[in-house]
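Undergrad: I would like to see how this sequence folds:
(2 chains)
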Protein chains: 2
Amino acid sequence: MTDRQKSETVSADGVRRAAGRIKGYAVRTPLLENDLLNEAVGGRVLLKPEVLQHCGAFKFRGAYNRLSQLTPAECERGVLAWSSGNHAQGVAQVARIFGAPAVIVMPSDAPALKAEKVRAYGAEIITYDRYTQDREEIGRKIAEERGLSIAPPFDHVDIIEGQGTVALEAAEDAAAMGLTLDAFIICCGGGGLTSGCATILEDISPSTEVWIAEPEGYDESWASVRDGTRHHADISRFTICDAIAAPTPGKLTLPIMQRLVKGGLSISDDEVARAMVYAFKYLKLVLEPGGAVALAAILSGKFDARGKTVGLTLSGGNVDPLLFASILERFGSERLNDVSG
Amino acid sequence: MTDRQKSETVSADGVRRAAGRIKGYAVRTPLLENDLLNEAVGGRVLLKPEVLQHCGAFKFRGAYNRLSQLTPAECERGVLAWSSGNHAQGVAQVARIFGAPAVIVMPSDAPALKAEKVRAYGAEIITYDRYTQDREEIGRKIAEERGLSIAPPFDHVDIIEGQGTVALEAAEDAAAMGLTLDAFIICCGGGGLTSGCATILEDISPSTEVWIAEPEGYDESWASVRDGTRHHADISRFTICDAIAAPTPGKLTLPIMQRLVKGGLSISDDEVARAMVYAFKYLKLVLEPGGAVALAAILSGKFDARGKTVGLTLSGGNVDPLLFASILERFGSERLNDVSG
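TA: Numbering: from 1, shown residues only, chains lettered A, B, ... in the order given. Presented below is the predicted three-dimensional model:
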């Protein structure tokens, strides 16, 4: 089945098929819990640490679901992706598994660690200036010239359904603990992870409210959902959350989010940094800023978790050592109870 | 059955009983693998991340196995432990679960994060000067005065058998992947984790060689095993590996290690720091120095993993933010392939 013949509709069954494809290849990340965190927020918090996924982010799932459906001839010609970094790593790593050459279009100011890991997987990197150039235009031109299959970062059925396996596993593991998620909070950029997770949760855990956490200034997904009209972020604004600084939601992801997302939470860079320090001290997990916004949402009290069972994504951990060091130096001496106040 | 009536012999069945007791209370940590790490060392490396255990270290296991066997009257009177920090946290956390008051004898220069977490669990801390005072003497005196049950950091059958569940789970999970461990490398201080793991591995995976990794200057466990005579470390020597800077192996642990440990690896502070940075960049796990020595052993090439399936413990992650930041600043810019060379 070629891509053009496939359904353009994201479905719960599509997420289940993706789960079957990635089984044994993606890490089935555990669902973690911390008693001090539960006490701090007055609820039960179940953490889905996708930082433990291959390539340090959930992006492996969507990339694997997409590339595993290419024909041998398509694999041989190769794949192309544009990405700020995590999706790039996922595609580069999965392309190597399938023996496909990979071309990655990356912003010239992407974190060095992300570029280093993409190179370690043997992919070719083409850089662009994210303030003045259109990455999608650059990518589509190169793909056409070289006959490459495109693996977009979020606006593709296979990618979305692959990312949805995060929530499928979280809901399954919660059920095995005898729990139902009252809410699931997702770190949201272009909406690929969110729309995949929302689609499967609607099917297997319909009482679970889907919430998104976004960086202040890049909270255009919730604005678009709330207002029923597409918003665009001012991409000249700086945020430490490079992984989820998407300018606008996708064509596929926005309608899904409009139907299924209950609420949005805008998180400041300082709140994100404190959540990263919290994860360092109490969870022993390395979170990148964009992977910490959902945790920041509950630690800051912007999402009130009291009396609730709340799942959330820790969606990525690819942060440059010097940025992480500076955050530890600035916020590392604050005590536990200062985190939420 | 009171403690005095119990067997003084560590056994594989004792480890299995401990596994039954901690089930549903301790985290069953996953067995992780990273393709770039496998390539870097030319073998297959299976990581047991006990940093994801409650309290950020394997110590929860032994503490739970010990305290769950106290009588209600003993629980009510309370427990006492002496510890550089991780065991203290484990005992404090488990004591709270059983409603037992806890007294912790801790060195005055223990990492602030460890003391902070012990206090968060509601334990009473009594500090001592680890260069001039004998913590065990202080602890036994207080325990006698107040009628407290003692949970020693490593030299106790229940503690050792509890820690052995680390290797039991690792061997089980490796078997489920169709693998047998050629070697299992353990971060070693007083030998509690090592002797528990070695005891169960002898029974369920007899072909697995048990190796220990120790900090340079505190490699008295391997020296004692190798020479057949007890060695003592010069405790005036500084190491960043506070968690495993034990002066000498235990009375119970040394004979077990002499019978079952195949080899020892002495790791420098710089090698440890590089392993911590590696875990930060590629595994997204926060390791404390003492929890990184086994990983450092393979990354440094001191243990040759080529062509082998090697399990290892990432035994703890309670490191102060400022120390971690300084290590990231010093070693964070080195590239992947610099780590091993």
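
Undergrad: what's the domain layout of chain A?
TA: Taking automatic domain parsing as the domain assignment, the record places the domains of chain A at A:2-58+A:158-340, A:60-155.

Undergrad: okay, and for chain A, where does confidence drop off?
TA: Counting by pLDDT under 70, chain A has low-confidence residues at A:1-7, A:335-341.

Undergrad: which parts of it sit against chain B?
TA: If contacts are counted using CB under 8 Å from any CB of the partner chain, the residues of chain A sitting beside chain B are A:27, A:29-30, A:32, A:34-36, A:51-52, A:54, A:56, A:93, A:113, A:116-117, A:120, A:277, A:280-287, A:317, A:320-322, A:324-326, A:328-329, A:332-333, A:335-336. The C-beta positions use only the backbone N, C-alpha and C, and glycine is treated the same way.

Undergrad: go ahead and build a ChimeraX selection from the buried members of those.
TA: Here the buried members of the residues of chain A next to chain B are turned into a ChimeraX selection, burial being counted by 16 or more other CB atoms under 10 Å in any protein chain shown:
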select /A:27,29,30,32,34,35,36,51,52,54,56,93,113,117,120,277,280,281,282,283,284,285,286,287,317,320,321,322,324,325,328,329,332,336
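
Undergrad: circling back: distance to residue B:294 added to the domains of chain A, as TSV?
TA: Rendered in TSV, the data for the domains of chain A read as follows (distance: least, CB to CB, whole Å):
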stretch	distance to residue B:294
domain A:2-58+A:158-340	16
domain A:60-155	23
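
Undergrad: now go through the residues of chain A next to chain B and say which are in helices.
TA: A:35-36, A:93, A:113, A:116-117, A:120, A:277, A:321-322, A:324-326, A:328-329 (DSSP state H).

Undergrad: thought residue A:185 was touching residue A:302?
TA: No - taking CB atoms under 8 Å as the contact criterion, residue A:185 and residue A:302 are not neighbours in contact, 10.0 Å apart.

Undergrad: helices of the stretch 1-150 of chain A, start to end?
TA: Secondary structure of the stretch 1-150 of chain A by DSSP state H, counting those that start in this stretch: the helices cover A:12-22, A:35-41, A:59-67, A:72-77, A:86-97, A:112-120, A:135-146.

Undergrad: of those, which stretch is the most buried?
TA: The highest mean neighbour count among the helices of the stretch 1-150 of chain A belongs to helix A:59-67 (a mean of 30), with neighbours defined as mean count of other CB atoms under 10 Å in any protein chain shown.

Undergrad: helices or strands next to that helix in the packing?
TA: helix A:12-22, helix A:86-97, helix A:157-176 (3 or more CB pairs under 8 Å, 6 or more residues apart in numbering or on different chains; DSSP states H and E).

Undergrad: again, only using 10 Å
TA: For helix A:59-67, the helices and strands in contact under the criterion 3 or more CB pairs under 10 Å, 6 or more residues apart in numbering or on different chains; DSSP states H and E are helix A:12-22, strand A:79-82, helix A:86-97, strand A:149-150, helix A:157-176, helix A:192-204.

Undergrad: so how far is that helix off the chain centroid?
TA: Here the centre of mass of C-alpha atoms in helix A:59-67, compared against the chain's by CA atoms, centre = their mean, to the nearest Å, lies 12 Å away.

Undergrad: quick check: which element contains residue A:264?
TA: Using DSSP states H and E, the secondary-structure element containing residue A:264 is strand A:261-267.

Undergrad: how about the contacts made by whatever residue of the stretch 151-300 of chain A ends up closest to chain B?
TA: With CB to the nearest CB, the shortest gap between the stretch 151-300 of chain A and chain B falls at residue A:284, namely 3.6 Å. When contacts are counted by CB atoms under 10 Å, 6 or more residues apart in numbering or on different chains, residue A:284 is found next to A:32, A:34, A:49, B:49-53, B:56-57, B:279, B:284-288, B:291, B:314, B:316-319.

Undergrad: what does residue A:110 give?
TA: Neighbour list for residue A:110: A:83-86, A:88, A:104, A:118, A:125, A:127, A:130, A:242-243, A:318, A:320 [criterion: CB under 10 Å, 6+ apart].

Undergrad: same check on residue A:63?
TA: Contact analysis of residue A:63 by CB under 10 Å, 6+ apart lists A:22, A:26, A:54-55, A:79, A:81, A:83, A:86-95, A:97, A:102, A:151, A:153, A:158-159, A:162-163.

Undergrad: nearest residue to whichever residue of the stretch 1-150 of chain A sits closest to chain B other than its sequence neighbours?
TA: Of the stretch 1-150 of chain A, the residue with the smallest distance to chain B, taken as CB to the nearest CB, is residue A:51 at 3.9 Å. Of all residues beyond its chain neighbours, the one nearest residue A:51 is residue A:317 (3.4 Å), with distances taken as CB to CB, 6 or more residues apart in numbering or on different chains.
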